[in-house]
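Student: Need coordinates for the below:
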Amino acid sequence: MARKSVELRREEILDATVTEIQRRGIAATRVADVAGALGVSSSLVFYHFADKEQLLQSAFEYAARTDIDALHAACARRAPLPDRFRAVLRIYGPTRRAPGWRLWIDAWGVGLREPRWRATVRRMDEEWRRCIAALVAEGVAAGQFSCPDADAAAWRITAFLDGAAVQLVARGGGPRRADITRWVHQHIARELGVDPSLLAARRAGRPRSGQTHIRS
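Tutor: Model prediction:
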């Protein structure tokens, strides 16, 4: 591989780091792995990041930010509330492709031992939850959802989605994806006071979900 002679942009390094983390895991990813994937020296990576820990945390936050920005965009669309909730599930749903969820689950595990990681993951999780709570509250105000406490509902919804992802991705086996999808719709429908069919993906004319996100 020809080594790059120009200085890389920070975003290129972060993209490569996310790929290496997804391939190797957070604990096993080295700065040398990222530099090797880019065809540059480790010193160029250290030009942008003080140490390995800053690089890995920045990469996780960079990837998570892509998802969160997509979530905000889905919630802010000029579309019926059920359509927007379906768009949220296409981003956040635990039955999507596994690599992104493996990254989040890996970060949760590191956060059990590392306070800085725990603070980073908590901050990103809280932003997810606030966005969903705002969407629930909007639906209640519009008379489309029946929910006495939007914040509590958002906690229960995200906890259910996270737990389903751990069962499906980290443990493997178990229920079929179709069953988990049905349970997700049933659980969220109960929280919102609507029929589960309202959350099922449309067979025709379904909005495009956009790019692939890390939590999918």
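Student: which helices and strands does the biggest helix by length in the chain pack with?
Tutor: As assigned by DSSP state H, the longest helix anywhere in the chain is helix 115-141. Judged by 3 or more C-beta pairs under 8 Å, 6 or more residues apart in numbering; DSSP states H and E, helix 115-141 is in contact with helix 52-76, helix 81-92, helix 98-111, helix 150-165, helix 177-192. The way it works is simple: take the backbone N, C-alpha and C, and place the C-beta from them, glycine included.
Student: just the angle between the second one and helix 150-165, please?
Tutor: This means helix 81-92. Calculated by axes from the mean of the first three to the mean of the last three C-alpha atoms, to 10 degrees, helix 81-92 forms an angle of 40 degrees with helix 150-165.
Student: list the buried ones in helix 81-92?
Tutor: Counting neighbours by 16 or more other C-beta atoms under 10 Å, one finds that the buried residues in helix 81-92 are 81, 82, 84, 85, 86, 87, 88, 89, 90, 91, 92.
Student: swap in stretch 45-61?
Tutor: Result for stretch 45-61 [16+ other C-beta under 10 Å]: buried residues 45, 48, 49, 52, 55, 56, 57, 58, 59, 60, 61.
Student: that older thread, which one of the helices and strands packed on helix 115-141 lies nearest to residue 129?
Tutor: helix 150-165 (4.9 Å; C-beta to C-beta).
Student: neighbouring contacts of that closest one?
Tutor: 92-95, 101, 104-105, 125, 128-130, 132-134, 136-137, 140, 147, 180, 183-184, 187-188, 191-192 (C-beta atoms under 8 Å, 6 or more residues apart in numbering).
Student: mind redoing it with 6 Å?
Tutor: Here helix 150-165 makes contact (C-beta atoms under 6 Å, 6 or more residues apart in numbering) with 92, 94, 101, 129, 132-133, 136-137, 147, 180, 187-188, 191.
Student: What mean pLDDT does it get?
Tutor: If you average the pLDDT over helix 150-165, you get 93.
Student: Can we start the residue count at 808 from this point?
Tutor: Noted, 808 is the first residue going forward, which turns the last one into helix 957-972.
Student: quick one, that helix and helix 984-999 angle?
Tutor: 170 degrees.
Student: Grab the CA positions of helix 957-972 and hand them over as PDB.
Tutor: Extracted as PDB, the C-alpha positions of helix 957-972 are listed here (Å, rounded to 0.1, in the frame of the first residue of the first chain):
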ATOM      1  CA  ALA A 957     -43.600  11.000  28.000                       C
ATOM      2  CA  ASP A 958     -40.200  10.900  29.700                       C
ATOM      3  CA  ALA A 959     -41.000   7.700  31.500                       C
ATOM      4  CA  ALA A 960     -42.400   6.200  28.300                       C
ATOM      5  CA  ALA A 961     -39.100   7.100  26.500                       C
ATOM      6  CA  TRP A 962     -37.100   5.400  29.200                       C
ATOM      7  CA  ARG A 963     -39.200   2.200  28.900                       C
ATOM      8  CA  ILE A 964     -39.100   2.300  25.100                       C
ATOM      9  CA  THR A 965     -35.300   2.700  24.900                       C
ATOM     10  CA  ALA A 966     -34.700   0.200  27.600                       C
ATOM     11  CA  PHE A 967     -36.800  -2.400  25.700                       C
ATOM     12  CA  LEU A 968     -35.000  -1.700  22.400                       C
ATOM     13  CA  ASP A 969     -31.600  -1.800  24.100                       C
ATOM     14  CA  GLY A 970     -32.400  -5.100  25.900                       C
ATOM     15  CA  ALA A 971     -33.800  -6.700  22.700                       C
ATOM     16  CA  ALA A 972     -30.600  -5.700  20.900                       C
END
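Student: Many thanks, I have nothing further to ask.
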